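Q: A structural model of the following input is requested.
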Amino acid sequence: MKVRSKPNSTEPILIKYLPLIEFFGFLVIIIMLWLDELFDLPALVLGAPATPVNWRESLLETVFVLITGSIVIFFTAKILKKMKQLESYLPVCANCRKIRNSNDEWEFLENFLLKNTDTKVTHTVCPDCAKLLYGDYYNETE
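A: A predicted model of the protein is given here:
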């Protein structure tokens, strides 16, 4: 059974695409590293003394940014997956079996399912309860 999200509440775009946004952020950092190395941006913009192109340093910086970016994106995706899993838990009262909804109100399980899922509720009696309630009248073969 999959619980539908409310029509008015949608997952924020930023959270949904956060790993992709992070990827583009790290890509911008790499592009800036190479633009700085190729065009000597401090000399061009700020009038600082010109520096020679250092390919090894730029490659090392690029590798460092790629490794760091991969680690950050991996753990971000892992955390978002765990958050989604934790948000899918349904708080149920241990005594009366009522469900706490998103408005912090407690409602009967049947009402909650009817409002939030495509599930239709029907009532029946399980074999254990049938034995308890009906005792001798209950026939296990039925």
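Q: give me the pLDDT for Gly47.
A: The model reports Gly47 with a pLDDT of 89.
Q: how close does it get to Lys82?
A: 49 Å (CB to CB, to the nearest Å). The way it works is simple: take the backbone N, C-alpha and C, and place the C-beta from them, glycine included.
Q: what about the two, which has more around it?
A: Lys82 (10 against 7; other CB atoms under 10 Å).
Q: check which helix or strand covers Leu27.
A: Per DSSP states H and E: Leu27 is located in helix 18-39.
Q: any idea how far that helix is from the chain center?
A: Here the centre of helix 18-39 is set off from its chain's centre by 25 Å, with CA atoms, centre = their mean, to the nearest Å.
Q: now that helix: average pLDDT?
A: In the prediction, helix 18-39 has an average pLDDT of 95.
Q: show me what that helix is packed against.
A: helix 55-87 (3 or more CB pairs under 8 Å, 6 or more residues apart in numbering; DSSP states H and E).
Q: beyond the helix it packs on, next helix or strand please.
A: Next along from helix 55-87, by DSSP H and E: strand 99-100.
Q: which helices and strands does that next one pack with?
A: Using 3+ CB pairs under 8 Å, 6+ apart, strand 99-100 is in contact with strand 106-107.
Q: I am finished for the moment; much appreciated.
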